[in-house]
Every structure is written in C-alpha cells, then in structure tokens.
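Enquirer: Turn this into a model:
(one chain, ligands or ions: 2)
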Amino acid sequence: MKLESAKNEIVVLTGIPGSGKTTLAMRSFSKYNRINLDALKSRNKEKLEICASLGNSRSIIIDNTNMTRQARKRYIEIAKSHGTRIRSIYLNCPLEMALKRNAGRTGRERVPDHVVRFYNRILQVPTIDEGFDSVEVLGGAKEIEEGPGRMGTHKRRKIEEQKSMDCFLSSHQCRS
Ligand SMILES: Nc1ncnc2c1ncn2[C@@H]1O[C@H](COP(=O)(O)OP(=O)(O)O)[C@@H](O)[C@H]1O
Ligand SMILES: [Mg+2]
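Expert: Ligands and ions are numbered 1, 2, ... in the order given. Predicted coordinates for the structure are as follows:
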C-alpha cells in the first residue's frame, strides 16, 4: 500500500516507543523529510527545518511519539499557517509488543520499560477535531506482528473520532 502522497503535506506520527514509527517513516515515506526532535535538539531548529522544507515543497513526517493533543498542536498550527495539508497516522501497537521490540534493541535505541509504559498511559488518540485533515490507524496486533517487511500491506483506514475511540478501547485500555 502506497502511503506517500503526491501533494505536499505534513504527516504526524503517534505511537509509543517501539511501535514502529521510525521504521514506517523510512520504509513508507522515504521521500519525506523525517523530522525528529531528539535529533534536532530544539523546538526552534525543528520549526526552522519544517518551514524550510515546506518552502522547498518537500513533505514532512514528524517522527516523535506525539502522544497528546498538546504535543501535536504545534504541527497543526504550522500546517494551517502554511496552508499545508496535515495528516495523522496512529500506530496502534499493543504495549506488550512494543516492550518486546524495545527489549530487542541495544544501546541508546533502547529506552527503559517504564518510559514505554508512561507514553502508553498518556496516550490521547488523534482525532479530526484537533484540526487534522485525516486520521489513519495502522496495525492491529496481527498486522504489526507480520514484520517490517510486510509494512506495505498494512490496511490504511480513514476514521472518525468515534471509530478511533472504539479502536483505542479494544486494543489499549482493556490490556493495561
Ligand atoms: N512492523 C513491525 N514488525 C516487527 N518489528 C518491527 C516492525 N516495525 C518496527 N519493528 C522493529 O521494532 C523495533 C522498534 O521499531 P522503531 O521503528 O525503531 O520504533 P519507534 O521509532 O516507534 O520507537 C525495531 O527493532 C524495528 O526493527
Ligand atoms: Mg524511532
């Protein structure tokens, strides 16, 4: 499944550490400018990078956890001020799976389990009313388990707020 759009846009990923954000960004959005706050180290540099990219008509993918509405708000504001489409992709990865994947990472890539749990706890599922032009959910446990090589076959679903909430309730809240 092709996830890249021919039109200029900002894609905001939401997902706990280990949910597969960076893998998805690199595999399915290879033409996009991948923006990661940890790498850029400051909000100021992040904003400059985003604006420079939009000025060059290059699409952007925001590769942070972006778990809360507050965290996502700044990207929505930048997109609106540039008249650029903004799209949310939520990686619906069960906590246990993210913990397992995280345990398989080494060095700085690996984050403490309590950090993964913390992000899972504060999750606010992205919704259209925040200002996104679309909200999509990737994965259910089975799809995600198929592995990064199968990432392209993930279903892409446009959802509305209630559906998003149903999904959240069935896959997250009941587990933790
Ligand atoms: N769909 C997938 N299925 C299985 N493993 C995956 C998948 N996507 C990513 N991984 C693996 O899980 C780990 C975390 O992925 P990563 O993309 O770094 O997550 P994040 O950026 O959300 O922390 C990596 O070792 C990666 O290879
Ligand atoms: Mg990452």
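Enquirer: mind listing what's buried in stretch 5-20?
Expert: For stretch 5-20, the neighbour count (16 or more other C-beta atoms under 10 Å) marks 8-20 as buried. The way it works is simple: take the backbone N, C-alpha and C, and place the C-beta from them, glycine included.
Enquirer: tell me which of those residues is nearest to ligand 2?
Expert: Minimum distance to ligand 2 across these is 7.0 Å, recorded for residue 17 (C-beta to the ion).
Enquirer: Mind checking which of the buried residues of stretch 5-20 land in strands?
Expert: Here DSSP state E is the test, and these give 9, 10, 11, 12, 13, 14 as lying in strands.
Enquirer: with the residues you listed in mind, which one is nearest to residue 133?
Expert: Distance to residue 133 across those (C-beta to C-beta) is lowest for residue 9, with 8.1 Å.
Enquirer: who are the neighbours in contact with the closest one?
Expert: With contact set as C-beta atoms under 8 Å, 6 or more residues apart in numbering, residue 9 has these partners: 59, 60, 84, 85, 86, 87.
Enquirer: So which of those residues wins on neighbours?
Expert: residue 60 (25 neighbours; other C-beta atoms under 10 Å).
Enquirer: All set now, cheers.
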